[in-house]
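S.K.: Need a 3D model of the sequence below.
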Amino acid sequence: MSGVRVLVGTRKGGFILTSDGRRERWDVCGPLFAGWEIYHMKGSPADPNRLYASQSSGWFGQTMQRSDDGGRSWEPVGNQFGYDGVPGTHQWYDGTQHPWEFKRVWHLEPSLTDPDTVFAGVEDAALFKSVDGGHSWQELSGLRDVSGHLWQPGAGGMCLHSIVLDPGNPDRVFVAISAAGVFRTDDGGTTWQAATRGLTSPFELPDPTATVGHCVHNITMHPSRPSTLFMQKHWDVMRSDDAGDSWYEISGNLPSDFGFPIVVNANEPETIYVVPIKSDSEHFPPEGKLRVYRSRTGGNEWEALTNGLPQSDCYVNVLRDAMAVDRLDSCGIYFGTTGGQVYASADGGDNWNAIVRDLPAVTSVEVQTLS
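M.R.: Below you'll find the predicted structure:
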């Protein structure tokens, strides 16, 4: 019988939740790396036993962890990237003798076909790649050639937070940076171009035609339609049907088009989910009601999903990497909150329940569907 492994990163450790294909009872393992910020954990699509985790602290800096047995044991990899004797430093090497200093690894994206290849997006914004399971890293520096001197930090920092791999074209990668925009490479990361036509940011950019400077919160795609991208932006939910060459708004009847996560149903490429919050200054659900919104039409027409979610006095947030889906039938949807709850729906969002409560603030949720 199929099963599900949910990888949860929090401000004070990582947790692994497992269940069978019914997704009714959950075993909880953790905290892993207790007391450390685990900003992101993600498993390899090519090997269900290979997991990567971004472990950091303001004192000891950044460490990358890898598991080869599904999370039962871990080892630090790329030791030169972490604590180097100077508390508070975060240093990765970019192939030269000079270290790249940054605050944290925001996002890890393992290759779809090779468990030893993994991408890392960091703050301040840059993209790194490892082809040896995380032992050594090389910056894909061509990204910063796209007006990198004009990039500015959003409220959460200048972070490269989204990495989307095209399953039909291994040389095509999309990344999103807050607050710079979306960028695409078609040659494996050597050269890049901005993919922002159609985005408008009147609160951030005086020039409505600017190609760089947009505060993008998240991007995603369905693997069966790699030219269709969905975006949650700093105000606006957007869609592209031409691999990011142009975008149009699909916010429709949402109560607020501000939020952070956006995901696509694994079995229905036109079914998407967002979690609106009130505004850029009030990071909690409108009216204190935690609602996931679903569109079965690829945007514009949205329905509130509330059954099992708190509908009064709820003031949590859902961060950009804290929502994910499994690949079972029917598709399971999962999200974690800054209040420490992880909610799951085994029926595409119709009904929800908290599969674990009272964790530290959740920074990321990723899902592996196991055979």
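S.K.: Tell me how many other residues surround residue 117.
M.R.: 20 (other CB atoms under 10 Å). No exception for glycine: its C-beta is placed from N, CA and C like everyone else's.
S.K.: who's in contact with it?
M.R.: Each residue near residue 117 by CB atoms under 8 Å, 6 or more residues apart in numbering is listed here: 110, 111, 129, 130, 131.
S.K.: Can you tell me the closest non-neighbouring residue to the first one?
M.R.: Same thing as residue 110. Leaving aside its sequence neighbours, residue 110 sits nearest to residue 44 (CB to CB, 6 or more residues apart in numbering; 4.2 Å).
S.K.: what does the model give that neighbour for pLDDT?
M.R.: The model reports residue 44 with a pLDDT of 98.
S.K.: I'd like the distance between it and residue 365.
M.R.: 17 Å (CB to CB, to the nearest Å).
S.K.: do the same with residue 327
M.R.: For residue 327, the distance to residue 365 - CB to CB - is 15 Å.
S.K.: what mean pLDDT does the strand or helix carrying residue 28 have?
M.R.: Secondary structure assigned from DSSP states H and E places residue 28 in strand 27-32. Across strand 27-32, the average pLDDT comes to 96.
S.K.: hey, what's the residue nearest to residue 110 bridged with?
M.R.: residue 47 (DSSP bridges).
S.K.: List the residue ranges of the stretch 101-250 of the chain that fall below the pLDDT cut-off.
M.R.: For the stretch 101-250 of the chain, the stretches with pLDDT under 70 are 101, 208.
S.K.: all strands for it, in order.
M.R.: Counting by DSSP state E, counting those that start in this stretch, the stretch 101-250 of the chain has strands at residues 104-110, 118-123, 126-130, 138-139, 159-165, 173-178, 181-185, 193-194, 216-221, 229-233, 237-240, 248-249.
S.K.: TSV for these, including distance to residue 34?
M.R.: Formatted as TSV, the strands of the stretch 101-250 of the chain follow (distance: least, CB to CB, whole Å):
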stretch	distance to residue 34
strand 104-110	18
strand 118-123	23
strand 126-130	26
strand 138-139	31
strand 159-165	25
strand 173-178	29
strand 181-185	36
strand 193-194	41
strand 216-221	28
strand 229-233	31
strand 237-240	36
strand 248-249	43
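S.K.: highest average neighbour count across those strands?
M.R.: Sort the strands of the stretch 101-250 of the chain by mean neighbour count, taking mean count of other CB atoms under 10 Å, and strand 173-178 sits at the top with a mean of 28.
S.K.: Counting by contacts, list what it packs against.
M.R.: Using 3 or more CB pairs under 8 Å, 6 or more residues apart in numbering; DSSP states H and E as the contact test, the elements touching strand 173-178 are strand 159-165, strand 181-185, strand 216-221.
S.K.: And the residue nearest the centre of this structure?
M.R.: Centroid-nearest residue in the chain, with CA atoms, centre = their mean: residue 321, separated by 3.2 Å.
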